[in-house]
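K.L.:
got a predicted structure plus its sequence, pasted below:
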Amino acid sequence: MTVVIISAESYCNREKIAERTARDLGYACLGREALMEEASRQYHVPAQKLKEALKDPSSLLTKLSSTRTRALAYYQAALLSVLNKGSVVYHGEAGHMFVNEVSHVLKVRLTADLERRVEWKAARKKIPGKKARELLLKEDEQRQKWFQSVFGMNGMEPERFDLVINVAEIPPEKAAVTIVDTAKEVQFQPITYSVKAMQDQELASRVRAALIDAYPDVTVTARNGDISIKTKGLKKKEKITLLRDQVQKMEGVSHVELGP
C-alpha cells in the first residue's frame, strides 16, 4: 500500500494532520519520537543520542561525525523497516530524505508564513509574539544548518516533495483530505519496481546499521538480495571472511560482495 511521509516547519499542525490522514486511510501513524524509541530498542543506543543526531548541527554529538553517522544509520534502518511494511503515515522533518526513487511513497510538505506560525506558537506556549518570533527564527536556522550538515543541501525545498500544502490558508481537516485524495491517485500505488526498490533500500540500510559500529565508513547497496559492501576497514583475510559470514546470515541476503 501507499506510504505517506509528512514533513513540516515548526507549528504547522503536522501531528494533527498526520493523525487525521492515517485515520481516514486506515493506516498506522508513526511520529519521529516513536521511531527514535524503536531505533533505540532495536540497536541498543540511547534515544537521546538519536535525538541529538536529528537536531542541532552545532551540538557536541553532531560534531563527532562517526557518532552522528551511526545514529543516523540506526534511524534510517528503523524508518525503512516501518515504511517497507506499507500502509503507514510517518511524520518527521527529515523522513523524506531517507528514501529515494520509490514511487508509492507520497512525500508531503506542510508550510505556513512566519507571521502565522508566530501567532500559533505564541498562543500555544503563552509567550509574547516577539519571543515566539525569535524562537521560530532560531529553529528554522538550526533546521537549515542541520540539513546542510547532513545532506549538503536544503532538504525542505518544494521540489523535494510531491505535495506542498499551505496550512496558513487550509485548515487541518482539509489538508488531511487533500493528502488522502492524493495518496489514492494511481501514480502513488505500489508497482513491482517501486516495491522492489523499497525492499532493496530497507535491506541495505539494515545491513549498514549492523556493520556501522565496526566500520563507520561502510556503504551498502542491495539488489534482489545481492549485497555490495564497501569499506576501507577490510585489510585482513580473516576480517573479510568474518564480515561475509555475518552478513550472509542476515534475513533477505542471498549473496555478498566486498570491496574497498
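P.N.:
Structure's in. What do you need?
K.L.:
wait, isn't residue 28 in contact with residue 88?
P.N.:
Yes: between residue 28 and residue 88 there is a contact under C-beta atoms under 8 Å: 4.7 Å. Just so you know, the C-beta spots here come from the backbone N, C-alpha and C atoms, and that holds for glycine as well.
K.L.:
who has more neighbours, those two?
P.N.:
residue 88 (19 against 13; other C-beta atoms under 10 Å).
K.L.:
now do the more buried one, the pLDDT please.
P.N.:
Residue 88 is assigned 97 on the pLDDT scale.
K.L.:
quick check: it vs residue 31, distance?
P.N.:
11 Å (C-beta to C-beta, to the nearest Å).
K.L.:
thinking again about what came up before, anything in contact with each of residue 28 and residue 88?
P.N.:
Counting by C-beta atoms under 8 Å, 6 or more residues apart in numbering, the residues touching both residue 28 and residue 88 are residue 22.
K.L.:
centre of the chain to stretch 211-223, how far?
P.N.:
Centre-to-centre, stretch 211-223 and its host chain are 18 Å apart (C-alpha atoms, centre = their mean, to the nearest Å).
K.L.:
for that stretch, C-alpha coordinates in PDB please.
P.N.:
Coordinates of each C-alpha in stretch 211-223 appear next as PDB, following Å, rounded to 0.1, in the frame of the first residue of the first chain:
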ATOM      1  CA  LEU A 211      28.100  -3.000  10.400                       C
ATOM      2  CA  ILE A 212      28.500   0.700  11.000                       C
ATOM      3  CA  ASP A 213      29.700   0.400  14.600                       C
ATOM      4  CA  ALA A 214      32.800  -1.600  13.500                       C
ATOM      5  CA  TYR A 215      33.100   0.100  10.000                       C
ATOM      6  CA  PRO A 216      32.000   3.800  10.300                       C
ATOM      7  CA  ASP A 217      32.800   4.400   6.600                       C
ATOM      8  CA  VAL A 218      30.800   1.500   5.300                       C
ATOM      9  CA  THR A 219      28.500   1.900   2.300                       C
ATOM     10  CA  VAL A 220      26.000  -0.800   1.300                       C
ATOM     11  CA  THR A 221      23.800  -1.300  -1.700                       C
ATOM     12  CA  ALA A 222      21.300  -4.100  -2.300                       C
ATOM     13  CA  ARG A 223      19.600  -5.600  -5.300                       C
END
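K.L.:
on the three-state scheme, residue 165 is what?
P.N.:
With DSSP: H, G, I helix; E, B strand; the rest coil as the basis, residue 165 sits in strand.
K.L.:
same question for residue 228.
P.N.:
Under three-state DSSP, residue 228 falls in the strand class.
K.L.:
show me what contacts it?
P.N.:
Residues near residue 228 by C-beta under 8 Å, 6+ apart: 220, 221, 222, 257, 259.
K.L.:
and the strands in the stretch 51-200 of the chain?
P.N.:
Here the stretch 51-200 of the chain has its strands, by DSSP state E, counting those that start in this stretch, at 88-91, 105-111, 163-166.
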